[in-house]
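In: sequence and computational prediction follow.
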Amino acid sequence: METVIRQPDEQSLAHAKEIINKGGLVAFKTETVYGLGANAFNEQAVKDIFTVKGRPADNPLIVHLADKSQILWVAKSIPPLAKKLIDEFLPGALTLILERADNVPSVISAGLSTIAVRVPSDKTANAFIAWAGVPIAAPSANTSTRPSPTTALDVYEDLKGKIELILDGGECTIGLESTVIDARTETPVILRHGGVTVEQIEKVLKVKVKTNISDPKKPIAPGMKYRHYAPNALMYYVSYDKPEMVEKLYMQCQPQKTVVMAIENTLPAPKDYQNFCSLGIDARDAAHNLFRVLRELEKQYEVIIAYACQEEGLGVSVNSRMKHAAGENII
Ligand code: AMP
Ligand code: MG
């Protein structure tokens, strides 16, 4: 199958609609990362998403809608807490876990009674979902375990020959995935850190939110237990409170094959490293750049030493991705 990359216009959106109608898959830009979409009501098309990505069948998908008024197409009800979150953060980088409506195929939720729902704020995503006219089930458009795609070319690199169309709306603005929050009760639980921060959510809800991320053996978001976002290089994650460990690790590696990656001005002497890769000037930049940088660095180096962001705001989300990418190598 030939994979074409097209900017969203009437012709390419009509083509996307045709592909979705006949049960095919379309990759499309969102503000978080590129998604790999299928008609959420077409069970076979949803199964094909898992096959194309090599995604484990017990890792459920997020359903994307063109407008927040459509949430009851896929969810049984909207509890008061969810309503507040919807009013404040949607469209945007927040995914809500709600009770799944009976007409939605359970394969999307990997058999769970719940459904993950999001309304993107991105122009390309909205145009595509609106043209398709159906809810779109979509995980990130990468091969499972690889860094998520933030450009159309990243999608092409992973899925060339496996899908017909990539809707290229340019580089993703946020650059990492949505925050996933269980919004079914009065005590919200964050299942995955992402584009909307804990601080933002607590400010709106005026309650402390819980996180269920720390115990990797008991995740409520099944996807969090897998190795994820991993580059084809040996990657180390060094915590923010241990900057001296970056130098120590570096001394044990071959300088020409090793790169140190961090936000500018957070490491004591970045000039000491033969290869230093800046993630930008703050956590927002780091979120925007991380996945793209991982895909670039894996082509040049054998070892990536990633120095964490401060554990606040978007830094928490960036750190969570870097830790997953590093697998066991967390210092
Ligand atoms: P991705 O598709 O790569 O953005 O990942 C989606 C994330 O949302 C994964 O971590 C999933 O496990 C999580 N998720 C999707 N649906 C549900 C659900 N019904 N309950 C809990 N977590 C979910
Ligand atoms: Mg993913």
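Out: Now that the structure is in, tell me what you want to look at. Ligands and ions are numbered 1, 2, ... in the order given.
In: residue boundaries of the helices in the stretch 201-331 of the chain?
Out: 244-251, 283-297, 314-326 (DSSP state H, counting those that start in this stretch).
In: the stretch 51-200 of the chain too?
Out: Using DSSP H, counting those that start in this stretch, helices in the stretch 51-200 of the chain cover 80-89, 123-132, 152-159, 198-205.
In: before we move on, back to that, mind checking which of the helices of the stretch 201-331 of the chain is nearest ligand 1?
Out: Nearest to ligand 1 among the helices of the stretch 201-331 of the chain is helix 314-326 (10.3 Å), distances taken as C-beta to the nearest ligand atom. Yep, even glycine has a C-beta here, placed from its N, CA and C like the rest.
In: who are the packing partners of that closest one?
Out: If you count contacts as 3 or more C-beta pairs under 8 Å, 6 or more residues apart in numbering; DSSP states H and E, helix 314-326 packs onto strand 234-238, helix 283-297, strand 303-307.
In: how about 7 Å then?
Out: strand 234-238, helix 283-297 (3 or more C-beta pairs under 7 Å, 6 or more residues apart in numbering; DSSP states H and E).
In: JSON lines please, covering the ones you listed and showing mean neighbour count, distance to ligand 1 and mean pLDDT.
Out: Formatted as JSON lines, these follow (neighbours: other C-beta atoms under 10 Å; distance: least, C-beta to the nearest ligand atom, whole Å; pLDDT from 0 to 100):
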{"stretch": "strand 234-238", "mean neighbour count": "22", "distance to ligand 1": "19", "mean pLDDT": "97"}
{"stretch": "helix 283-297", "mean neighbour count": "22", "distance to ligand 1": "12", "mean pLDDT": "97"}
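In: residues of the stretch 1-150 of the chain that sit close to ligand 1?
Out: By the rule C-beta under 6 Å from any ligand atom, the part of the stretch 1-150 of the chain lying against ligand 1 is 59-62, 97, 109, 112, 114-116, 139-140.
In: neighbour-wise, which of the residues you listed leads?
Out: Highest neighbour count within those, by other C-beta atoms under 10 Å: residue 140, with 30 neighbours.
In: each with direction, which strands does the lowest-mean-pLDDT helix or strand in the chain pair with?
Out: When each helix and strand of the chain is scored by mean pLDDT, DSSP states H and E, strand 210-211 comes last, with a mean of 88. Sheet pairing of strand 210-211 (DSSP bridges) gives strand 189-192 (parallel).
In: show the average pLDDT along the strand it pairs with.
Out: Strand 189-192 carries an average pLDDT of 94.
In: in that strand, what's buried?
Out: Buried residues in strand 189-192, counting neighbours by 16 or more other C-beta atoms under 10 Å, are found at 189-192.
In: redo those residues as a markdown table? Include distance to residue 303.
Out: Converted to a markdown table, the buried residues of strand 189-192 look like this (distance: C-beta to C-beta, whole Å):
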| residue | distance to residue 303 |
| --- | --- |
| 189 | 36 |
| 190 | 32 |
| 191 | 31 |
| 192 | 27 |
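In: near ligand 1, from the residues you listed?
Out: Answer for the buried residues of strand 189-192 near ligand 1 (C-beta under 6 Å from any ligand atom): 191-192.
In: show me which of the buried residues of strand 189-192 is closest to residue 169.
Out: residue 192 (23.4 Å; C-beta to C-beta).
In: spatially nearest residue to that closest one, not counting backbone neighbours?
Out: Closest residue in space to residue 192, ignoring its immediate chain neighbours: residue 180 at 4.0 Å, by C-beta to C-beta, 6 or more residues apart in numbering.
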